[in-house]
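Q: show me how the following folds:
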Amino acid sequence: MGHTAMRVVDERRDLLEVGQRLVQEFRGRRCAGAVLSEVTICRAVLVRSGVRAGLAAATEAMARCRLQRRAEADAAEELARRRAARVG
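A: Now for the predicted structure:
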């Protein structure tokens, strides 16, 4: 196997591990499919931006940030819904 092919295999393995870590981290807050979709989207954005070195780490950081923001937005929305139900 050539050097480029080995790098691609290592990158795919690293990204799979990123997905698995984030699925575990967001278990109960996001379904696995949503987490993996976010990882895929973030990876694509970074690749289009020209990121090559440290792609897995950058993907993990970006996806984690986006998933946390969504979780916080969902929590705020739920709180607002509960308050509205109490008032109404």
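
Q: hmm, residue 36 is touching residue 26, no?
A: No - contact criterion C-beta atoms under 8 Å: residue 36 and residue 26 do not qualify, at 10.5 Å. Using the backbone N, CA and C atoms, a C-beta is placed for each residue, glycine as well.

Q: in which helix or strand would I find the spatially most central residue of the chain?
A: Geometric centre of the chain, nearest residue: residue 63, 3.0 Å, by C-alpha atoms, centre = their mean. Taking DSSP states H and E as the criterion, residue 63 maps to helix 55-87.

Q: which strands or helices does that helix pack on?
A: The contact analysis (3 or more C-beta pairs under 8 Å, 6 or more residues apart in numbering; DSSP states H and E) places helix 55-87 against helix 3-25, helix 32-48.

Q: what is the orientation angle of the shortest one with helix 3-25?
A: In other words, helix 32-48. Following axes from the mean of the first three to the mean of the last three C-alpha atoms, to 10 degrees, one obtains 140 degrees for the angle between helix 32-48 and helix 3-25.
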